[in-house]
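[1] next comes the sequence, and after it the predicted model I'd like to discuss.
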Amino acid sequence: MSSSINVKQQQTDFYKALMNPLLPIVQTVQTHGGLCLEKRFAIYRNNVFVGMMDNLSSIYILTQKILKTEQFSFLLKAFIRKHPPRHPIMLLYGEEFPDFLAQQEGMHPFIVNIAYMEWCVRQSQHARDATPISVHDLQNYSVQQQLNMRFQLHPSVHIISSAWNLFAYSDYTEFPDDFIHTLPEGTSKTYTIVITRPQLAVSVLSLAEDEGAFLKALTKNLTFGQAYEKIAADYPEFNLVNTLSLLVTKGVFSQVIIEE
């Protein structure tokens, strides 16, 4: 028992020294080949951090372009020390980064929203595959059955509500050098951004206010008829046919359940 406890403590001390260069190296760590222990451990620590930073950089591409490399790298290192990986699958690492940014003094909420969108894109890329429903599938049901449908979102779908139209920035490859100093202010309007991957490529979709409200109603377990009744009352000019066609053709749903 004491041996297993000792090994666990050594692993804990090794991890702490790995994440904090100010802490001493575990005494049981040895080196060979003539390079001093401190230098070899520093190289190992650097390789570990570079690997995690590269993984995060591949997710938060737009965030890095806005913040610029130096500030972004500084924030990544601080994030890694505060939120180290807790799962062996690195694809799952980085979820807390948008919230971490939000906690930084002076951080513009637009950047936090962009980072959250990028995390959703990464999760959509690696979500479980599923065949989206088609308009043809819906035509196989009677009108009454359609009214009693409940729609199930595709596994890759993420819905974001934002004061910014994030869709307008989703395809940006570069930002002006002074963009960080001229970030757009949020509006009183709520934009609904939908991220989905019905096939191989991720799609980012921006919905009008009434379209977004209709989709959110469907996600609250309302039937198709109930959702339409609610939205039609709030938005008299709501176009049901166009909205449903848009959501279905973009692969937002993977299944319908008929309420008997």
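    Yep, it's here. Numbers count the residues shown, from 1 in each chain.

[2] tell me the secondary structure for residue 212?
    Following DSSP: H, G, I helix; E, B strand; the rest coil, the label given to residue 212 is helix.

[3] just the endpoints, please. Distance across stretch 98-118?
    End-to-end distance for stretch 98-118: 9 Å, by CA to CA, to the nearest Å.

[4] same question, stretch 57-74
    Stretch 57-74 stretches 12 Å from its first residue to its last (CA to CA).

[5] ok, stretch 175-187 next?
    Using CA to CA, one end of stretch 175-187 lies 21 Å from the other.

[6] one more: stretch 174-183?
    Start to finish, the residues bounding stretch 174-183 are 14 Å apart (CA to CA).

[7] list the contacts of that stretch.
    Stretch 174-183 has contacts (CB atoms under 8 Å, 6 or more residues apart in numbering) with 62, 65, 66, 67, 68, 108, 110, 111. Bear in mind the C-beta positions are built from the backbone N, C-alpha and C, glycine included.

[8] with respect to residue 127, which of those is nearest?
    Closest approach between the contacts of stretch 174-183 and residue 127, by CB to CB: residue 62, at 20.1 Å.

[9] burial count for the closest residue to the closest one other than its chain neighbours?
    The shortest distance from residue 62 to any non-neighbouring residue, by CB to CB, 6 or more residues apart in numbering, is to residue 114 (5.3 Å). By the measure other CB atoms under 10 Å, the count of residues near residue 114 is 27.

[10] now the element after the particular helix or strand that has residue 7 in it, going C-ward?
    Using DSSP states H and E, residue 7 sits in helix 2-19. Using DSSP H and E, the helix or strand that follows helix 2-19 towards the C-terminus is helix 37-59.

[11] low-confidence bits of the stretch 151-260 of the chain, can you list those?
    259-260 (pLDDT under 70).
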